[in-house]
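Q: just to be clear, the model below is a prediction. Sequence and coordinates:
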Amino acid sequence: VDTTSTTFLVLDLAGTFAFALNGAWTAMRVARLDIVGVVTLGMLTALGGGFVRDTILDALPPATFTDWRYLAVAAAGALVAFASGHIADRLAMPILVLDAAGLSLFAVSGALKGVDFRVGVAQAVILGVITAVGGGTLRDVLIRQIPAVLTSGLYAIPALVGALIVVGGTQLGVAALPAAIVGAVVCFAIRILGGHFGVNAPGPIGRDRGSVDP
Amino acid sequence: VDTTSTTFLVLDLAGTFAFALNGAWTAMRVARLDIVGVVTLGMLTALGGGFVRDTILDALPPATFTDWRYLAVAAAGALVAFASGHIADRLAMPILVLDAAGLSLFAVSGALKGVDFRVGVAQAVILGVITAVGGGTLRDVLIRQIPAVLTSGLYAIPALVGALIVVGGTQLGVAALPAAIVGAVVCFAIRILGGHFGVNAPGPIGRDRGSVDP
Amino acid sequence: VDTTSTTFLVLDLAGTFAFALNGAWTAMRVARLDIVGVVTLGMLTALGGGFVRDTILDALPPATFTDWRYLAVAAAGALVAFASGHIADRLAMPILVLDAAGLSLFAVSGALKGVDFRVGVAQAVILGVITAVGGGTLRDVLIRQIPAVLTSGLYAIPALVGALIVVGGTQLGVAALPAAIVGAVVCFAIRILGGHFGVNAPGPIGRDRGSVDP
């Protein structure tokens, strides 16, 4: 599956840029940061999921660290966000789309890397989800937000479905590229449509989710 | 010490189930989570300590990731917690016992893994403590609680004593299994009795620990 | 560069002691901790940056874990802090100096380790910064503070300059020791003078940094 890595480098870099931009904007809305903080959080959002994935896979040093293109693309996205932070409030739609794009690309590329490393089927799916939600979770921890993945099913569930399609497809003999395209498109669609229609994952029994927190 | 790994798999899986159940319940009491958040936090509590331990030991990919039984047991414990979350408030005693059981089993299995990897004596003890308290600490960070290990001596101290007994015993030629049983029982007893009698570790000089925080 | 490791062990241990002392004092001012919490946070501040650096470099188990001297020096620093916590409020100047010393020593030693491992130039600089600010960031996450590195340019920027001097110097053929001394002195000076004159990194456009947070 050697061509896989070549083919998906562009998609992975696109996801990196989307997450750096979106991660830095999100951080700027929540916390009062200087340029160092914005760039740090943008790069962490973009590179953190891959870092956790590569640690678990024993693929250290992480690809996102040794390959300067990831560092450059992540830094560029964060700097663009810093320069445009004063208009971020008016960019709700592009932010949502970038977030969904990064989620889809990372869920797919993370699951494919798991398949490449011949971990089990369940493990490859979990790696896809970790890659997709890991960076944003690290960012949320640093800016003291409860990570969105814990409270909104619209992060983990689309990533899970996208990763399942990729892993299931390659298990059934589908080539990596078409499996990845279908997985990413489905993940993207669930994320966008779920947000539009207010769908969410079920909460615990006996909790009225419509009321505000005490 | 090859039979060690076989012998302790059951104990380690029992600790995993106890921590997944207890970790998910704890998370549900503190934060408003959907099923994704509850399962994520239950699995993180159960598997996080072993993940940190195996990263430090360079035993990657972590055993708790490659072995599907850990993933399955952790997911099952978290799902049981999710289904029974509405009665968690009435389960203070089973929660405490499960917490103490997980702490004891992980302190012992973590210290034994350090001995297996021939790290130093102090290092093996530290690994036992990290394995025991690591998962709950990661969970507390994600749900924005100050980790219990920092404010209550009743987590780190019993784990430290249990790990010391295991490492000291094996250094003196005691077989792994009896050393582990004694270590786990002592850790469990300190945790339960310490909680019952309100024992705690000393605070800094000049701090009146009876007063409320300013 | 084999003599490098020998030469810098003393500097690295000095940085470890400074960060353990300062990290534990900082934690005690913010959160109500017992002796276990103070020692844990002091050791995490002192050893956490090196742990993240060695994970990224695939230099596991981390040097700060396998070498008992790091563990002993970090524990000693944290215990000194615990015993003197009641006078920490009067120690603002020594705390600042220790903080700057630890930052400088770790930025330099982290960057040199990156050079030793032949990662790229940008990567070695980033490793220096991560080593310098990583431990304090982990501590701040555990005690629920927004990490200082995100809000004050006075952490990342001096570390970045110090690491740049070391990496640039060794690239130009300067020996490791003089490059490290110059890098550490410049980092120390920026940190101390920047704090004295209230210099800071620029914030986002349209944010009035003089006003209080809403």
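A: Yep, that arrived. Residues are numbered from 1 along each chain as shown, chains lettered A, B, ... in the order given.
Q: rest of the way, CA atoms for contacts and neighbours
A: Noted.
Q: what about A:V186, how many residues nearby?
A: By the criterion of other CA atoms under 10 Å in any protein chain shown, A:V186 has 19 neighbours.
Q: ok, now A:A76?
A: 18.
Q: what sits against it?
A: Applying CA atoms under 8 Å, 6 or more residues apart in numbering or on different chains, we find A:A76 in contact with A:F17.
Q: what helix or strand is it on?
A: For A:A76, the host element (DSSP states H and E) is helix A:68-83.
Q: following element in sequence after that helix, please.
A: Trace forward from helix A:68-83 with DSSP H and E and the next one is helix A:92-116.
Q: so where is chain A shaky, pLDDT-wise?
A: Applying pLDDT under 70 to chain A picks out residues A:1-7, A:198-200, A:205-214.
Q: follow-up on the earlier one: mind listing what's buried along the helix holding A:A76?
A: A:70-82 (16 or more other CA atoms under 10 Å in any protein chain shown).
Q: what's the answer for stretch A:165-176, then?
A: A:I165, A:V166, A:V167, A:G168, A:G169, A:T170, A:A176.
Q: for stretch A:89-97, same thing?
A: A:I95, A:V97.
Q: please save the CA atoms from it in CSV.
A: Provided in CSV are the C-alpha atoms of stretch A:89-97 (Å, rounded to 0.1, in the frame of the first residue of the first chain):
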residue,chain,number,x,y,z
ASP,A,89,-17.1,36.0,14.3
ARG,A,90,-18.4,36.6,10.8
LEU,A,91,-16.9,33.4,9.5
ALA,A,92,-19.2,30.8,11.2
MET,A,93,-19.9,29.0,7.9
PRO,A,94,-16.3,28.6,6.6
ILE,A,95,-15.2,27.6,10.1
LEU,A,96,-17.8,24.8,10.2
VAL,A,97,-16.9,23.6,6.7
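Q: just give the nearest non-adjacent residue to A:G169, would you?
A: The shortest distance from A:G169 to any non-neighbouring residue, by CA to CA, 6 or more residues apart in numbering or on different chains, is to A:A179 (5.6 Å).
Q: so how far is the helix or strand containing that neighbour from its chain's centroid?
A: Element membership for A:A179 (DSSP H and E) is helix A:176-197. From the chain centre to the centre of helix A:176-197 is a distance of 13 Å (CA atoms, centre = their mean, to the nearest Å).
Q: how distant is the helix holding A:A76 from the center of its chain?
A: From the chain centre to the centre of helix A:68-83 is a distance of 16 Å (CA atoms, centre = their mean).
Q: got the contact list for the residue nearest in space to the middle of chain A?
A: In chain A, the residue lying closest to the centroid (CA atoms, centre = their mean) is A:A132, at 3.0 Å. Neighbour list for A:A132: A:G49, A:G102, A:L103, A:S104, A:L105, A:F106, A:A107, A:G110, A:A159 [criterion: CA under 8 Å, 6+ apart].
Q: what secondary structure does A:L60 sit in?
A: Assigned with DSSP: H, G, I helix; E, B strand; the rest coil, A:L60 falls in the coil class.
Q: which residues does it contact?
A: Here A:L60 is in contact with A:D54, C:T55, C:I56, C:L57, C:D58 (criterion: CA under 8 Å, 6+ apart).
Q: take the residues you listed and lay them out in a markdown table including neighbour count and secondary structure.
A: Formatted as a markdown table, those follow (neighbours: other CA atoms under 10 Å in any protein chain shown; DSSP: H, G, I helix; E, B strand; the rest coil):
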| residue | neighbour count | secondary structure |
| --- | --- | --- |
| A:D54 | 24 | helix |
| C:T55 | 21 | helix |
| C:I56 | 22 | helix |
| C:L57 | 21 | coil |
| C:D58 | 19 | coil |
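Q: now, which of those sits nearest C:L150?
A: C:I56 (20.9 Å; CA to CA).
Q: what residues does chain A put near chain B?
A: A:55-58, A:119-120, A:122-123, A:141, A:144-147, A:149-153, A:156-157, A:201-207, A:213 (CA under 8 Å from any CA of the partner chain).
Q: can you tell me how far A:T55 is from chain C?
A: 8 Å (CA to the nearest CA, to the nearest Å).
Q: and the closest residue to A:R32 other than its chain neighbours, how many residues sit next to it?
A: Computed as CA to CA, 6+ apart, the closest residue to A:R32 that is not its neighbour in sequence is C:T151, at 6.9 Å. Neighbourhood size, C:T151 [other CA under 10 Å]: 21.
Q: dump the residue contacts of C:T151.
A: A:R32, A:L33, A:D34, A:V36, A:G37.
Q: what's the longest helix in chain A?
A: helix A:2-30 (DSSP state H).
Q: and that one, what does it pack against?
A: Where contact means 3 or more CA pairs under 8 Å, 6 or more residues apart in numbering or on different chains; DSSP states H and E, helix A:2-30 is packed against helix A:35-56, helix A:68-83, helix A:92-116, helix A:121-142, helix A:176-197.
Q: between the ones you listed, which gets nearest to B:G128?
A: helix A:35-56 (20.1 Å).
Q: helices or strands up against the closest one?
A: Looks like helix A:35-56 contacts helix A:2-30, helix A:63-66, helix A:68-83, helix A:121-142, helix C:148-151, helix C:153-171 (3+ CA pairs under 8 Å, 6+ apart).
Q: need those in a markdown table (columns: distance to B:V186).
A: Output for the helices and strands packed on helix A:35-56, formatted as a markdown table (distance: least, CA to CA, whole Å):
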| stretch | distance to B:V186 |
| --- | --- |
| helix A:2-30 | 46 |
| helix A:63-66 | 44 |
| helix A:68-83 | 49 |
| helix A:121-142 | 35 |
| helix C:148-151 | 40 |
| helix C:153-171 | 44 |
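Q: quick one: the residue of chain A found nearest chain C from C:A176, how far?
A: Nearest residue of chain A to chain C: A:G37, at 3.7 Å (CA to the nearest CA). Separation of A:G37 from C:A176 (CA to CA, to the nearest Å) stands at 30 Å.
Q: repeat that for A:S104.
A: 45 Å.
Q: number of residues surrounding the closest residue to chain B within chain A?
A: Chain A approaches chain B most closely through A:L150 (3.8 Å), counting by CA to the nearest CA. Residues lying near A:L150 (other CA under 10 Å) number 24.
Q: surely it touches B:A31?
A: No. Look at A:L150 against B:A31 with CA atoms under 8 Å: they stay out of range, at 9.2 Å.
Q: in three-state terms, label A:A201 for me.
A: At A:A201 the chain is in coil, as set by three-state DSSP.
Q: let me see the contact set for the closest residue to it other than its chain neighbours.
A: Take A:A201 and drop its neighbours on the chain: the residue closest to it by CA to CA, 6+ apart is A:G153, 4.9 Å away. Going by CA under 8 Å, 6+ apart, A:G153 touches A:N200, A:A201, B:D34, B:I35, B:V36, B:G37.
Q: kind regards, and thank you for your time.
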